[in-house]
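# sequence-free structure coming up:
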């Protein structure tokens, strides 16, 4: 049985846990999220996307 979980859901859970348990302020998390949105519109976005996909593929192929 294969279970798929969107990466955005995993990152959302990590952000929630950081705010809840690590004491990260909500405004810091919002600033980091805004930075990510602005970064997505730059020339480095394809490289980040490729690196993320490669990392996820490496984890999923090792899990099988």
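Right, received. Where do you want to start? These numbers were taken from a predicted model, which means no experiment stands behind them.
# Spatially central residue for this structure, please.
residue 11 (4.2 Å; Cα atoms, centre = their mean).
# Point me to the helix or strand that includes that one.
Taking DSSP states H and E as the criterion, residue 11 maps to helix 7-21.
# by contact count, what packs against that helix?
Helix 7-21 is packed against helix 26-39, with contacts defined by 3 or more Cβ pairs under 8 Å, 6 or more residues apart in numbering; DSSP states H and E. (Each C-beta comes from the backbone N, C-alpha and C, glycine too.)
# and the helix it packs on, what other elements does it pack with?
Short answer (3+ Cβ pairs under 8 Å, 6+ apart): helix 26-39 packs on helix 7-21.
# Next, the angle from the helix it packs on to helix 26-39.
Interaxial angle of helix 7-21 relative to helix 26-39 (axes from the mean of the first three to the mean of the last three Cα atoms, to 10 degrees): 160 degrees.
# Longest helix of the protein, counting residues only.
helix 45-63 (DSSP state H).
# Between helix 7-21 and it, find me the angle.
Using the same axes, to 10 degrees: helix 45-63 against helix 7-21 is 90 degrees.
# outside of helix 45-63, which residues touch it?
Under the contact criterion Cβ atoms under 8 Å, 6 or more residues apart in numbering, helix 45-63 has outside partners 7, 39.
# how about 6 Å then?
Applying Cβ atoms under 6 Å, 6 or more residues apart in numbering, helix 45-63 turns out to have no external contacts.
# List the buried residues for it?
For helix 45-63, the buried set under the neighbour-count rule, 16 or more other Cβ atoms under 10 Å, is empty.
# pLDDT of it, averaged?
Mean pLDDT, helix 45-63: 85.
# when you give positions from now on, start the count at 17
In the new count, where the first residue is 17, that last one comes out as helix 61-79.
# starting at the chain centroid, how far to stretch 57-70?
Centroid separation between stretch 57-70 and its chain, computed with Cα atoms, centre = their mean, to the nearest Å, is 12 Å.
# Let me fix that, I meant to ask about stretch 30-44.
Centroid separation for stretch 30-44 versus its chain: 14 Å, with Cα atoms, centre = their mean.
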